[in-house]
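Q: Here you go, sequence then predicted model.
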Amino acid sequence: MKKPRPAAPPPSPLFSPFVWGLLGVFVVGLGLGVGAVFLLGDDTAGMAWVDGGEFVMGNDKFPEAKPQRRVKVDGFWIDKTEVTNAQWKKFVAATNYVTVAERVPTREQYPTAPPENLVAGSLVFSPPADLTEAECQTCLENNSWHEWWKYVKGADWKHPTGPDSTIDGKDDHPVVHVAFEDCLAYCKWANKRLPTEAEWEYAARGGLEKKPYYWGDEQKPDGKHMANTWQGRFPQEDAGADGFKGVAPVAQFPANAFGLHDMSGNVWEWCADHYQHGAYRTGEYLNPKGPDRSIDPTGRGEPKRVIRGGSFLCADNYCIRYMAGARHHASTDTGTNHTGFRCVRSK
């Protein structure tokens, strides 16, 4: 196994140099507590029941996901797939909700931003076409994420790669360009909530203990791709050997033993927990909800939450956080075209 290079979902635009492009302009949070449970209805269509249990959480191959520790969670319902464009459309039609990517930021929110950057938009994976192989390798070694991410005016959930793109015919794709606040709003409308990090991993493992992949011991059992990840020279060439280049429709790969699809790859998924790099050194055993605030020594003080599962951008030479137990973080005010979510409900 190659040593994983640190994945780098871009930090909040509030703290990033604007020469790299404004990296999102969003409003932080709804003031809801981690794992806040909303009043539940009876509709669990499209969800799977997961019996509670004990498991070993984390992955010692990744510095932010160790040490592994044993935790226990109560039973819960969880969406079988990531929330789709079709589901998000219903939410927007019912509530007239406007995502943070669709809102024009104000000078009060970002007092140091150049006027031309105070426009609605979001982050889009945009690798330059003219980098040589040696230059690509240097970028990876230096973790130069700004080489392949751009803030694109007019990019949002309806226009995932920019204003000229569309989601027509993509109702079964996961909704993207959703910031943490957007996910909370959807959860409240749907009488659901975001999963805790422990719930998410327990569900993703599907009853398999300490396996390197959520489906078992081999990355490609019998040569079969089990998740939508990156094949080829990152960040420029995705060979699409798994059948997809970019985001795939949900449920294109086998479900785990709990009936859940795409717990690895496709798009990162927001969790309720605040992110701390060393959070696994301490923590609760029963139904852990994570720390009470975020701390990321590599960031600029912006609030961050945990994201799980990796995405179609996770390559064997970069990130590899589609592996079981891996974790990462994202600024709460930032949406991208490789981040989505799924919901849970308590019993």
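A: Arrived safely.
Q: what residue is smack in the middle of the protein?
A: Trp268 (2.4 Å; C-alpha atoms, centre = their mean).
Q: Low-confidence stretches in the stretch 51-200 of the chain?
A: 133, 135-137, 139-146 (pLDDT under 70).
Q: Now do the helices in it.
A: 85-95, 133-141, 180-189, 197-205 (DSSP state H, counting those that start in this stretch).
Q: Arrange those helices in JSON lines, one row each, with mean neighbour count and distance to Gly53 as further columns.
A: Quick note: C-beta positions are derived from backbone N, CA and C, even for glycine. Formatted as JSON lines, the helices of the stretch 51-200 of the chain follow (neighbours: other C-beta atoms under 10 Å; distance: least, C-beta to C-beta, whole Å):
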{"stretch": "helix 85-95", "mean neighbour count": "15", "distance to Gly53": "28"}
{"stretch": "helix 133-141", "mean neighbour count": "14", "distance to Gly53": "38"}
{"stretch": "helix 180-189", "mean neighbour count": "22", "distance to Gly53": "24"}
{"stretch": "helix 197-205", "mean neighbour count": "26", "distance to Gly53": "7"}
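Q: So which of those is nearest Tyr213?
A: For these, the distance to Tyr213 is smallest for helix 197-205, at 9.9 Å, taking C-beta to C-beta.
Q: ok, then the element right after that closest one?
A: strand 268-274 (DSSP states H and E).
Q: Which strands and helices lie in contact with that following strand?
A: Other elements packing on strand 268-274 under the criterion 3 or more C-beta pairs under 8 Å, 6 or more residues apart in numbering; DSSP states H and E are helix 197-205, strand 304-308, strand 327-331, strand 339-340.
Q: One more pass at 10 Å, please.
A: Counting contacts by 3 or more C-beta pairs under 10 Å, 6 or more residues apart in numbering; DSSP states H and E, strand 268-274 is packed against helix 180-189, helix 197-205, strand 304-308, strand 327-331, strand 339-340.
Q: Could you save those as TSV and add columns showing distance to Ser126?
A: Shown next, in TSV, are those (distance: least, C-beta to C-beta, whole Å):
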stretch	distance to Ser126
helix 180-189	22
helix 197-205	29
strand 304-308	20
strand 327-331	18
strand 339-340	15
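Q: among these, which is nearest Ala315?
A: strand 327-331 (14.3 Å).
Q: Distance from that closest one to the middle of the chain?
A: With C-alpha atoms, centre = their mean, to the nearest Å as the basis, strand 327-331 stands 7 Å off its chain's centre.
Q: Name the strands paired with that strand and say parallel or antiparallel.
A: strand 304-308 (antiparallel) (DSSP bridges).
Q: What residues of the strand it pairs with count as buried?
A: 304-308 (16 or more other C-beta atoms under 10 Å).
Q: quick one on the thing from earlier: would you agree the residue nearest to the centre of the chain is in contact with Thr334?
A: No: here Trp268 lies out of contact with Thr334, judged by C-beta atoms under 10 Å, at a distance of 11.4 Å.
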